[in-house]
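>>> From the sequence below, what's the structure:
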Amino acid sequence: MNKETKFGRPIFEYPCDWGYSLIAVQEAHIHLAIRQTFGEHPVKVGELRKSSGGRWCALNVDTTVTDESQRQTFLETLRKCAGIRYVL
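Numbering: from 1, shown residues only. Coordinates of the predicted model:
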């Protein structure tokens, strides 16, 4: 269950399920980023979506994070992976 502080920022109770949306130019970049970031950590990979013009592709990755530090580490690592344009 998530709570909010007096400033409206959510406070998460860990462990919790967390999702990352990855956007890249090539599908191979997304799969490499997932391997580099999560290694043996269990993830659920969503269905690949491609833009109508073929300029980008995206997919969702869901996992369970144990604490805020792990959540942030995954996010930062994904953002640094070659070929990944956006992480949401």
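
>>> residues near residue 78, how many?
Using other CB atoms under 10 Å, residue 78 has 21 neighbouring residues. Yep, even glycine has a C-beta here, placed from its N, CA and C like the rest.

>>> tell me the contacts of it?
20, 22, 33, 37, 84, 87 (CB atoms under 8 Å, 6 or more residues apart in numbering).

>>> Dig out what the last one forms beta bridges with.
Beta-bridge pairing of residue 87, defined through DSSP bridges, involves residue 22.

>>> Isn't it up against residue 75?
Yes - counting by CB atoms under 8 Å, residue 75 is a contact partner of residue 87 at 6.2 Å.

>>> With neighbour numbers in mind, choose between those two.
residue 87 (20 against 16).

>>> Contact partners for that one?
20, 21, 22, 23, 75, 78, 79.

>>> again, 7 Å this time
Shown in contact with residue 87 (CB atoms under 7 Å, 6 or more residues apart in numbering): 20, 22, 75, 78, 79.

>>> out of those residues, who's nearest residue 10?
residue 75 (15.2 Å; CB to CB).

>>> tell me which element the closest one falls in.
helix 68-80 (DSSP states H and E).

>>> picking that back up, and for residue 87 and residue 75, which residues touch both?
residue 20.
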